[in-house]
Structure formats: structure tokens, C-alpha cells
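Undergrad: from the sequence below, what's the structure:
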Amino acid sequence: MKTTTLVILAITFFSFSTAHAAPVTFDWATVGNPSNTPDTEVMNDGTTGYGAVANTYRISKTEVTNAQYTEFLNAVADADPNGLYSTFMDSDTRGGITRGGSSGSYTYAVKSDSIGNGPGGADGDDYTYGNKPVVWVSFFDAMRFTNWLENGQPTGAQGASTTEAGVYSIGSGWDEVRNPSATYFIPSENEWYKAAYYDPSGGTYYDYPTSTDMLTDINNNLPSSDTGNSANFWQSGYTTGDFSYPMTDVGAYTASESPYGTYDQGGNVWEWNEALLSSSGRGYRGGGLDDSSSFLPASYRSSINPTSELGGIGFRVASIPEPSSLLLGAMASMGLLVRRRAVGVS
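TA: Alright, predicted model coming up:
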């Protein structure tokens, strides 16, 4: 009887969640192995001990894209009092979003393709914007995006029920702390680090997020020549793109995933994390398209003022596992236990 009730509850929850699915969705990587030990790698600033996370969580396999951020802007930024949109998203070739109309009736769209300017500059290869990582976003913008996700992706003016509360109560940029009951959030530095570098099969850490410890393995080939250790970064003889149209689509390096199955945690764009580093600002990691491979390893961390909006910094989001998944997992374990008892297995 109890098992039947659990099944009904699980089906009801799943049906409710599916019926009310929101337009912005993510392909998640589940990061398990809770309570893992921290890394012993010494950072460029002399600190150490990153990567330990007590619980199972999910992290988006790729960065937030221009298409996803455009949905956010159209939902809450018809007036945009908090500057979620930067004009550089339109005027700079790295930005991928246009804005039309006037305050109170703004509308947003992904930029049109740039013909013949795709990665590598190949003739006839077009540079498309929808699946490129959103940039020119501050830590404030990232917090407000995750608040919007947490609040169910509502449509309306920027306020407590849309962008200003939910996961983070927006303040100075230095004093926001994640709501412990939040479903969506910006990854902490430890969560970001574990997803990129931790090897769950061996309980150790790689130096690079393509599951290697060797710098000599890393290359910046085009995605079509992905070796399994490829990323979009700058080096002598730069080939991935030029600095006007430099980005690759999120997840384009399909063979160069982390042990947990994330993409682009090295190269393409730097990514915000929740870390607050003294008076210098919020943390970011991962290296970018116009930086050398020396910024890609696990040992490099940095920070910047949370108000900063740059053409080389984006973000990805993290989440707790769906309650339905946890419930179904528990039910499966319960069923296995019942079966073992029925056949006399101890």
C-alpha cells in the first residue's frame, strides 16, 4: 500500500512538473560522490584545498547561451531598471543579443548570423549567435538570472518575485549569500571545481577539465578536429577563430568533456562562481578564448568586481537534483531490498 502511494505521488509530481515546464531548460550533468576529499593543488594565489562538496548536485553541461538569456530579458526587462542588458551585447561582435523599442516596451532577439565569419574564418562558414555563451554579464546579472529560474521563470517587472530575491537577496554584490533551500544557483567555487577536475573513478583530480594532467595534450583545434583534449583558447598560430568572431558554440567540443560530462570549463569564456575573494570581488575560473593555455589548469583562480561586464566572462548554473529523481531512486532501492528479502538474500 505504501509503495503504491509512493508511485502515485511520483507520477503526480512528474506530470505536474512536465505540464508546467518552463521555456528555458538545461542539459544537466549530475555530480555525485558526495563528501569527496579536497584537492591538494596549490593555486596561483597560494591557497589550496578546493573541490570538496558534501552533497550531490547538478551543473549545466554548458554555459548559459545568448538564446537562453534572451528569453530571460524578454520576460523581465521591458524597462530594465537594473541593467540586465548591456549595449555591448549588440555593438560588440562577441555579444549576441539586440534590443529594440524604448524603455517600458523593450524587446530582445538573438543577433542575426554573420555571414562568412565562422570559427577559422572559412569561406561560407557563418558565425551564429544563439548557441554562443552570453557575455557582457555581471555577477549581478547572473544572480538575477538564477533568481528568475528559482521563481519559476515569471514574466513581469524586475522585483522580489522575479529577479531581486529567491536565491540571492540582491544587495551590494559583496554580501549576497545563497538561500540554503534554493533549487537553482550560481556554482560555488568548490562545485565548479569538482565538476571540472574531479575523477570519480579514482578519487583524484585532473589538472585540466578534459580529463588530463598534461599541458602537452591540450590543443586549440577547431571542434571538427577535436582530439578529446581540445578547447577554445589563444596560442601562437591561433586557429580557432579571430578576435572579432572568436567563440565556438557551447558544447561544440563533444569529445573533450570533463569526467562528469561538462563542456568548456576550460576555454571559450571565463565563468563566474560564488567565491568572494577579499576586497577584489567575485570569483571566476576556466580561461578564455583570448588567453593562453596557462590560464586553463585547475591551479588558476581569479576574481573581479561583481559589477564588471566583460566580453570574455559568462556563467553556467547549478541545481539540486529533481525531487522526482530522488524519489524514484529511493523507490528503486526499496524495490530491490524487497526483492532480496523475498528470495532470501541477506
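Undergrad: how close does Arg94 get to Met143?
TA: Look at Arg94 and Met143: by Cβ to Cβ, to the nearest Å, they are 22 Å apart. (Glycine included, C-beta is placed from N, CA and C.)
Undergrad: neighbour-wise, which of these two wins?
TA: Between Arg94 and Met143, Met143 has the larger neighbour count (other Cβ atoms under 10 Å), namely 28 against 22.
Undergrad: check contacts around the more buried one.
TA: By Cβ atoms under 8 Å, 6 or more residues apart in numbering, Met143 lies in contact with Val167, Tyr168, Ile170, Glu176, Ile186.
Undergrad: got a list of what the last one touches?
TA: Looking back up the chat, that one is Ile186. Phe139, Ala142, Met143, Thr146, Arg178, Trp272, Asn273, Glu274, Phe315, Val317, Ala318 are the contacts of Ile186 under Cβ under 8 Å, 6+ apart.
Undergrad: nearest to Gly266, of the contacts of Met143?
TA: Ile186 (18.6 Å; Cβ to Cβ).
Undergrad: quick check: phi and psi at the spatially closest residue to Val250 that is not a sequence neighbour.
TA: Sequence neighbours aside, Thr62 is the residue nearest to Val250 in space, at 3.6 Å (criterion: Cβ to Cβ, 6 or more residues apart in numbering). Thr62 adopts backbone torsions of phi -130, psi 170, taken as degrees, to the nearest 10.
Undergrad: I figured Thr62 hits Tyr263, correct?
TA: Yes - between Thr62 and Tyr263 a contact is recorded at 5.4 Å, counting by Cβ atoms under 8 Å.
Undergrad: hey, what's in contact with both of these two?
TA: Joint contacts of Thr62 and Tyr263 (Cβ under 8 Å, 6+ apart) are Val250, Gly251.
Undergrad: more neighbours, these two?
TA: It is Tyr263, of Thr62 and Tyr263, that has more neighbours when counted by other Cβ under 10 Å, with 28 against 23.
Undergrad: now do the SS call for the spatially closest residue to that one that is not a sequence neighbour.
TA: Excluding its sequence neighbours, the residue lying closest to Tyr263 (Cβ to Cβ, 6+ apart) is Gly251, at 4.3 Å. Here Gly251 is recorded as coil under DSSP: H, G, I helix; E, B strand; the rest coil.
Undergrad: for Gly251, give me its contacts.
TA: With contact set as Cβ under 8 Å, 6+ apart, Gly251 has these partners: Asp27, Lys61, Thr62, Tyr263, Asp264.
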